[in-house]
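> what's the 3D shape of this:
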Amino acid sequence: MACCKRNGEPSRNGRSAGRSVFRLRNQRWRFLVHSVSLLLIVPSPKAGSPSLGSTTILINEVLVNAAGSTEAAKEWVELKNVSGASQTLNDWSIGDKDSCDNFPEVTIPAGDSLILAGDRAQFLQDHPGFQGAVIGLNGAVGNGLRNAGDHVALFNGAGCTGTEIDCVQWGDNTGCANFTEVDGGIPSQGTDDKTIARVNDTDTDQDTDWATGQTPTPQGFSPTSVLLISFTARSIKEGIVIRWETVNEYNILGYNVARSIHSNGPFAQMNADLIPARSAGAITGADYSYSDDRVRPGTRYYYLLEAIESDGRRQQFGPISIRFGRVRAANRQR
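Sure thing, here's the model as predicted:
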């Protein structure tokens, strides 16, 4: 997951904004669900204006103070769609007072929730049997949530830009500048593995919307189709290597790779047999690669990825393109 510091600060792992840690942020990632509708956003209230509250996506629960030495990896934020229609979050981001994380495009069905976890594998280990959608945030929510005081803010733009959709703060922090929750804030968390949670989906931008010291109740939804965290191509001496990574493969039989020398096709399938899904029916995903050695130097190739679902439906991703003979990151998905 791409992570970006504000004001040009280095990221937590010491990499700069120009390195590969940012490469995936510019891809068109998606989780596929039954339906997609237009995203409706209610502007966040300005300081001193009447409380409006979001009527679409809310920050619903935050694990601020996790137990153990891997606290940042264990922390998570739950987003909830409180509208009456599915909402697609495209190029959205979430941040604390020090750092910001972009997260992939995802469609949340009406009334359902999405977990943004510091570390996805750690969350699933901490919550065995959880069947919902979980997105990992590069090891921590923001720069790791400070127990004595911090905030979590949700934006409808990458890099914590655009409209601030929702924000919650606690302890000695006053980072929710556009929300009246700054009046008093939420007490710091003194108990391990307790969350701050929204009361009855209420959003008046007041402190009374929240309760502290709650038993964690992460909620989620199960996508009826999988798919991609990434889809890339790389030129090597022997040819072109196509790679893709999934989040889960709940309803997927396998994949096909198709190629063309034109962006609009026609595309010809490369693999003779279906590439079987490695985690079919599981909440975990898998990494894949396919090598194309039938290439000519200096030629640009376009690749499509097709996912075959158990009911026969097909989903296509791409095209991505690359010129053989020159190492280059693939284009963003279209």
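> all helices of this structure, in order?
Shown for the chain, the helices assigned by DSSP state H span residues 71-74, 120-126.
> residues of the last one that come out buried?
By that I understand helix 120-126. Of the residues in helix 120-126, Arg120, Gln122, Phe123, Leu124, Asp126 count as buried by neighbour count, 16 or more other CB atoms under 10 Å. For the C-beta atoms, the positions are set from N, CA and C on the backbone; glycine is no exception.
> ok so, going back, of the helices of the chain, which shows the lowest average pLDDT?
Note on the helices of the chain: helix 120-126 shows the lowest mean pLDDT, a mean of 89.
> Asn179 and Val168: what is the separation?
Actually, residue 179 is Phe rather than Asn. Computed as CB to CB, to the nearest Å, the Phe179 to Val168 distance reads 8 Å.
> and the two? which has more neighbours close in?
With neighbours defined as other CB atoms under 10 Å, Phe179 and Val168 compare such that Val168 has more, 29 against 26.
> wait, what's in contact with the closest residue to Leu79 other than its chain neighbours?
For Leu79, ignoring the flanking residues on the chain, the nearest one in space by CB to CB, 6 or more residues apart in numbering is Leu114 at 4.8 Å. For Leu114, the contacting residues are Glu78, Leu79, Lys80, Val106, Ile108, Gly132, Ala133, Val134, Ile135, Gly220, Phe221, by CB atoms under 8 Å, 6 or more residues apart in numbering.
> hang on, the second one packs against Leu154?
In this case it means Leu79. Yes: using CB atoms under 8 Å, Leu79 is in contact with Leu154, at 6.9 Å.
> overlap of the contact sets of these two?
Shared contacts of Leu79 and Leu154, defined by CB under 8 Å, 6+ apart, comprise Ile57, Ile59.
> gap between the nearest residue to Pro297 once chain neighbours are set aside and Val295?
Closest residue to Pro297 apart from its sequence neighbours, by CB to CB, 6+ apart: Gly325 at 4.3 Å. Noted for Gly325: a distance of 8 Å to Val295, by CB to CB.
> one more: Cys100?
Distance from Cys100 to Val295, counting by CB to CB: 39 Å.
> how about Phe123?
Distance from Phe123 to Val295, by CB to CB: 40 Å.
> what's the neighbour count on the residue lying closest to Asp101 once chain neighbours are set aside?
Nearest non-adjacent residue to Asp101, counting by CB to CB, 6+ apart: Leu137, 4.5 Å away. Close neighbours of Leu137, defined as other CB under 10 Å, add up to 25.
> just Glu61 next, same as before
Other residues near Glu61 come to 24 when the count uses other CB under 10 Å.
> OK, contacts around it?
Val77, Glu78, Thr195, Ile196, Ala197, Arg198, Gln214, Pro216, Thr217, Pro218.
> rerun that using 10 Å as the cut-off
Glu61 sits next to 76-80, 113, 115, 168, 195-198, 210-211, 214, 216-219 when contact means CB atoms under 10 Å, 6 or more residues apart in numbering.
> how far away is Thr70 from Glu306?
In this view, Thr70 and Glu306 are 38 Å apart by CB to CB.
> which one's more surrounded, the two?
Here Thr70 and Glu306 are compared on neighbour count by other CB under 10 Å; more neighbours surround Glu306, at 19 against 15.
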